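**Student:** Give the three-dimensional model of this entry:
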Amino acid sequence: MQFNWRQTVSPEDWPLLLEADPSKSMIETYLKQSELLEVRQEGQLIGLLVLKQIEAGISEIMNLSVTPLFQKRGVGRQLIEHAIAHSKERNDQKIIVATGTTSVGPLLLYQKCGFRVEAVERDYFTKYYREKIIENDVYLQDRLLLSQEFKN
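**Tutor:** Numbering: from 1, shown residues only. This is a model prediction of the structure:
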């Protein structure tokens, strides 16, 4: 697998981006100020992570997706580990990620990578998304904010 950081978005990115976040308009709000970490296997895009520095010393994983064929093979974990290393290299003190309360798989993955729940944003998805999101047969309403702090 080859990992590569880049600044630009390509048309082949959109299926993965929309898999992690169903709102194209929400994705477009953060893409221009973000870096993308792609992972390819034999030239094929199999995973994508979007990282944004939201303020001095703090980065946020805005989007993370792995193609279904490569899920549960450690690709997501490797993308997260690369993002953490990248954040540490630029001397961030903290990295955060937000996910839906019904996103059980991603929530467990982030916790396995050292993230801890910091806050619950009640009604986030009902306020900021026009379409109703059903995930794991549950109406998604609230967002969890997770973080990992780096010791100097």
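**Student:** CA atoms for contacts and neighbours, from now on please.
**Tutor:** Will do.
**Student:** How many residues are close by Phe150?
**Tutor:** 13 (other C-alpha atoms under 10 Å).
**Student:** cool, and Ala56?
**Tutor:** By other C-alpha under 10 Å, 11 other residues sit near Ala56.
**Student:** And it, how far from Tyr30?
**Tutor:** For Ala56, the distance to Tyr30 equals 16 Å [C-alpha to C-alpha, to the nearest Å].
**Student:** In contact with the closest residue in space to Asn136 that isn't next to it in sequence, which residues?
**Tutor:** Using C-alpha to C-alpha, 6 or more residues apart in numbering and skipping residues adjacent in sequence, the residue nearest Asn136 is Thr102, 6.7 Å away. Residues in contact with Thr102 (C-alpha atoms under 8 Å, 6 or more residues apart in numbering) are 135-136, 138, 140.
**Student:** which two from these end up farthest apart in space?
**Tutor:** Asn136 and Leu140 (9.2 Å; C-alpha to C-alpha).
**Student:** The two - which one has more neighbours?
**Tutor:** A count of neighbours by other C-alpha under 10 Å puts Leu140 above the other of Asn136 and Leu140, at 19 against 9.
**Student:** residues in contact with that one?
**Tutor:** Counting by C-alpha under 8 Å, 6+ apart, Leu140 has contacts 100-102, 125-126, 132-134.
**Student:** Check Leu49 too.
**Tutor:** Neighbour list for Leu49: 36-38, 61-65, 79-80 [criterion: C-alpha under 8 Å, 6+ apart].
**Student:** Quick check: which element contains Val117?
**Tutor:** Secondary structure from DSSP states H and E places Val117 in strand 116-121.
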